[in-house]
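Engineer: Okay, predicted coordinates and the sequence, questions at the end:
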Amino acid sequence: MAATALYGASSFGNWGKLAAQQALTQDKLLEFDTFGNVSLIHITDIHAQLKPIYFREPSINIGVGNNKGAVPHVTGSDFRKLYGIDDGSHSAYALTYDDFSSLAKGYGKMGGLDRVSTVINQIRADRPDALLLDGGDTWHGSYTCYQTQGQDMVNVMNALKPDAMTFHWEFTLGSDRVNEIVEGLPFAALGQNIFDAEWDEPTELFPPYKFFESGGVKIAVIGQAFPYMPIANPGWMFPEYTFGIRDERMQEMVDEVRAKGAELVVCLSHNGFDVDKQMAGIVTGIDVILSGHTHDALPEPVLVGETIIVASGSNGKFVSRVDLDVQNGRMMGFRHKLIPIFSDVIEPDKAITALIDEQRAPYADQLSEVIGKTADDTLLYRRGNFNGSWDDLICDALLSEREADIALSPGVRWGPSILPGQEITREDIWNVTSMTYPEAYRTEMTGEFLHVVLEDVADNLFNPDPYYQQGGDMVRTGGLGYRIDVTKPQGSRITEMTLLKTGELIDPAKTYQIAGWASVNQGTEGPPIWDVVESHIRKLGTVSLAENTSVTVDGV
Amino acid sequence: MEFTRRNAIVMGAGAFAALALPKLAIAAGGEDAIAAFTGGAEMADTGVTLTAPEIAENGNTVPIEVDAPGATEIMVLAMGNPTPGVATFAFGPLAGSQHASTRIRLAGTQDVVAIAKMADGSFAKASSTVKVTIGGCGG
C-alpha cells in the first residue's frame, strides 16, 4: 500500500469553524459518517478522573532534534492556525491554553466517564463490534483511586467494557495489587515489552497481543506498556517486572501476527508521542498506533510511512474514534475524529453516573471539604515544560512547611486545573498529588549535585533521540531560578542557577536544604505531600500567585 | 566540612539515586583493547548485532545480548567504565549459534561496543549508547 493511496479524513478543521458559530449539541459533537468496516475507540491517560474537570493544555511544549516545531510540539495560536480553529471556539478551549479561564466559564467542564460512556454507546450503535482500547494510566490519580487501590476505576472501566488495555502508573499500586486486579480483568492486559525481571522473559499475565474479529476483519492488537517504568517510577514497587522499548520484539510480534493472518495491526501504546513516531519509522507493518503517555490531544492522526498515529489527550477530556477500511489484508483508508467530551453538552449515561457515585459515596465528606480558594487572578494549572501554577503552589508549600531553601516538584503531566475564584477542595489537592510514594522529603544537596539532578531530568526531556526520553516535563523548582538551552548536550544545558531568596548564584561547593516529593527511592521519609499542600492552603485561605519568571529558556 | 563530588552524591541519595553522572569520557583503555583484538584491522558495520536498553533500569546490572553468525569470538566493551573490558566470548567450530547474553555494570551513561571476529579473520563492530539516569519525575 503506497502512502499516497491512503485515503484519510479528519473533518475537524471545518467542523470546528462551523460549530463555533452554532450552539454546541451532542449530535454535532458525535456526528460521524460511519466509514469502512472497522471502528476503534481510544481513550488514554484518564488518571482516575471519574467526574468532569477543567484541564488547561500546555502553553510551552518544546520539541527537539527532528521533532522541533512538529506536532505535538505546537501550542496556542500556532496550534489553532495549524488546524483551522477559531479563537474563542470550543475547540480553542478544548485544545489550547489561551483565555482558558474565561472560555472555561462559557464552555464548562470536560470529561466524566459517564459522558464517555454515552459516546462509546453511540459509536457501538453505529458499529456494534467497535473495539474499545484503553491506553493506560487509568488506575491512578485521585483520592478515591488511592483509597481503593484502583478498585473504583476498575469497577467503572469494566462497566464500559474495554477490549484491551496497556499500562504505566498502574504498576505503582505495587506488583501484588496489579497482579490481583489483572488476574480478574474481563479484557486483555497487553504488553509485548512487559518482561519477567529475573529471567528477562515474557510474562504469562501480560501477553504481547490479542486477536479480534470485527466487521469480518481479523485484527491484532499489540500492547506496548510505558518503557521506562522502573526508572521514572519506583522500580522497588514492582521488582518482578522489566520493560524497555524492545522495538526488535515489536517487529517480531508484528511479523508473527501477520503470519497468523492479521489483516489489521493496531499497537496500543504508552510510549509517548515522539517515541511512537520513531518506532513507527523503525518497525514495519503496524497500521495504527494509538498513542498515550505524553497527554497530547491531536485533531488529526500523524502519518509515518504507512502507519497512522492517533493521540487522544488525557484526564477523560477526549475520546478518539477511528474508522478504517480494511480490504484483503490492507488498510485502504481511515476516517478519524477526536471527540471532545463537553460535560454540559453530552448527556451522561445514568447507569454509569450511579456507578461512579457509588464508588465515591464512602468518601463524600473527605472529598468535598473546602480547604481554601483561588484569588480572582489565579488559575491553577499544571501543563507546560517548565512550570505550572499548581506546581508553584506545591513548591511554595514545600518551602514554607518544610523550611527549605529550594523545592523540587516532579514534572508530571496529570492533574486538572482550578479556575480563578474557585473553591479548592481536598479532592482537588489529591487530583494533583495522589500517588503511592507521596513522602515530602527534606535533604541536603550541594550546588554541584543539584546541577547534576537538573541536567539529568532535562536530558530525559530534551535528548534529541526520543528513545532516550522518558516523557513528563522538567522538574519544577521553587526558590531556584536557572537558564536552560534545550539544544545543548547533557551537562551543559543548565546555567545561571540562582538562589532566589538571596539572588546569589548557586555555589557548587555549598550545601542547600532541599525539599521535594515523589522520590523513586525506597525508604524516603516525610509527611504525604497532600497534607503539606493542604496545611499551606489552609494558612493562605485565598491562593494568589505571581507569574513565575524563574526559568529562562534558550534554543527554542 | 568539605564536600567532594562523591560525598555530594551519596548525600543526595536520600532523594535521588546516586548513579547519574554526566556522560563519561571514553577511557583510552577501550580503544587500546580494540586495537589489540583487531590488530588495527577495518571493522564492518554489519555482521554483529548488539541488543542493549536505551536507558538502563539499573546501571549495576544491564542486560545485553550479542549475536554474530559465523563469528569465532565476540568481544564486549563498556567504553566508559574504569576497566572497559567486559568479556570475550569464544565459539568453537561445533557451536550451534554465535550468540551470548549477560548482564554488565555501567559506571554511567556510555557506549557499549561489541566486536566480532569472523572465521575468515575479518571483524565487525556494533555500538549502542546506554543511558544511566537518576530517574523519577516521569509523566
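Structural biologist: The structure has been received and is ready for your questions.
Engineer: can you count the residues close to A:Glu403?
Structural biologist: 10 (other CB atoms under 10 Å in any protein chain shown). C-beta here means a position set from N, CA and C on the backbone, and glycine is covered the same way.
Engineer: remind me which residues of chain B are low pLDDT?
Structural biologist: B:1-28, B:135-139 (pLDDT under 70).
Engineer: one more time with 50
Structural biologist: B:1-15, B:17-23, B:138-139 (pLDDT under 50).
Engineer: Break down it into its helices, ranges please.
Structural biologist: Taking DSSP state H to define them, one finds helices in chain B at B:5-12, B:28-38.
Engineer: Show me which helix or strand of chain A is least confident by mean pLDDT.
Structural biologist: helix A:12-20 (a mean of 42; mean pLDDT, DSSP states H and E).
Engineer: Next secondary structure after that one?
Structural biologist: Following helix A:12-20 in sequence order, the next helix or strand is helix A:26-30 (DSSP states H and E).
Engineer: What's the mean pLDDT across that following helix?
Structural biologist: Throughout helix A:26-30, pLDDT has a mean value of 93.
Engineer: Phi first, then psi, for the closest residue to A:Asn387 other than its chain neighbours.
Structural biologist: With CB to CB, 6 or more residues apart in numbering or on different chains as the criterion, A:Asn387 has its nearest non-adjacent residue at 4.8 Å, and that residue is A:Asn548. Per-residue torsions, A:Asn548: phi -90, psi 120 (degrees, to the nearest 10).
Engineer: The nearest residue to A:Glu369 once chain neighbours are set aside: neighbouring residues, count only.
Structural biologist: The spatial neighbour of A:Glu369 that comes closest, neighbours along the chain excluded (CB to CB, 6+ apart), is A:Arg426 at 4.8 Å. A:Arg426 has 19 neighbours, counted by other CB under 10 Å.
Engineer: How about the one 3 residues further on?
Structural biologist: Close neighbours of A:Ile429, defined as other CB under 10 Å, add up to 28.
Engineer: tell me the SS of it?
Structural biologist: helix (DSSP: H, G, I helix; E, B strand; the rest coil).
Engineer: domains for chain A, by residue range?
Structural biologist: Domain ranges of chain A: A:3-358, A:369-554, per automatic domain parsing.
Engineer: possible to save these as CSV with distance to B:Thr72?
Structural biologist: Output for those, formatted as CSV (distance: least, CB to CB, whole Å):
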stretch, distance to B:Thr72
domain A:3-358, 25
domain A:369-554, 32
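Engineer: Tell me which of those lies nearest to B:Met75.
Structural biologist: When the domains of chain A are compared by CB to CB, domain A:3-358 sits nearest B:Met75, at 21.9 Å.
Engineer: if you look at that closest one, does any of it touch chain B?
Structural biologist: Yes - applying CB under 8 Å from any CB of the partner chain, one finds domain A:3-358 touching chain B at A:200, A:226-228, A:230-233, A:235, A:242-245, A:248, A:272, A:293-295.
Engineer: So how do I select the buried members of these in PyMOL?
Structural biologist: Those of these that count as buried under 16 or more other CB atoms under 10 Å in any protein chain shown are selected in PyMOL with:
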select buried, chain A and resi 226+227+228+230+231+232+233+235+242+243+244+245+272+293+294+295
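Engineer: Of the residues of domain A:3-358 next to chain B, which belong to strands?
Structural biologist: With strands taken from DSSP state E, the overlap with the residues of domain A:3-358 next to chain B comprises A:Thr242.
Engineer: Output the residue of chain A whose distance to chain B is smallest.
Structural biologist: A:Ala232 (2.4 Å; CB to the nearest CB).
Engineer: What separation do you get for A:Phe238 and A:His270?
Structural biologist: The spacing between A:Phe238 and A:His270, counted by CB to CB, to the nearest Å, is 15 Å.
Engineer: quick one: the strands in the stretch 251-400 of chain A?
Structural biologist: Taking DSSP state E, counting those that start in this stretch, the strands of the stretch 251-400 of chain A run over residues A:264-269, A:288-291, A:302-304, A:307-311, A:318-327, A:330-340, A:370-374.
Engineer: I figured A:Phe212 hits A:Ile219, correct?
Structural biologist: Yes - between A:Phe212 and A:Ile219 there is a contact at 4.6 Å, judged by CB atoms under 8 Å.
Engineer: Could you check which of those two has the larger neighbour count?
Structural biologist: A:Ile219 (25 against 19).
Engineer: Now name the helix or strand holding that one.
Structural biologist: strand A:217-224.
Engineer: what about the residue most central in space within chain A, distance to B:Arg105?
Structural biologist: Nearest to the geometric centre of chain A sits A:His295, at 3.4 Å (CA atoms, centre = their mean). Using CB to CB, A:His295 is found at 35 Å from B:Arg105.
Engineer: cool, A:Arg538 as well?
Structural biologist: A:Arg538 sits at a distance of 48 Å from B:Arg105 (criterion: CB to CB).
Engineer: Name the residue in these two with the higher neighbour count.
Structural biologist: Between A:Arg538 and B:Arg105, counted using other CB under 10 Å, B:Arg105 has the larger neighbour count: 14 against 11.
Engineer: so the more buried one makes contact with B:Val62?
Structural biologist: Yes - here B:Arg105 reaches B:Val62: they are 7.2 Å apart, a contact under CB under 8 Å.
Engineer: which residues does A:Glu256 contact?
Structural biologist: A:Glu256 sits next to A:Tyr209 when contact means CB atoms under 8 Å, 6 or more residues apart in numbering or on different chains.
Engineer: On the pLDDT front, check it for me.
Structural biologist: Confidence score, pLDDT, at A:Glu256: 98.
Engineer: Could you tell me which residues make contact with A:Arg383?
Structural biologist: Each residue near A:Arg383 by CB under 8 Å, 6+ apart is listed here: A:Arg56, A:Glu57, A:Pro58, A:Ser59, A:Tyr97, A:His295, A:Arg413, A:Asp473.
Engineer: ignore the last one, A:Gly136
Structural biologist: Here A:Gly136 is in contact with A:44-45, A:165-170, A:225-226, A:270, A:292-293 (criterion: CB under 8 Å, 6+ apart).
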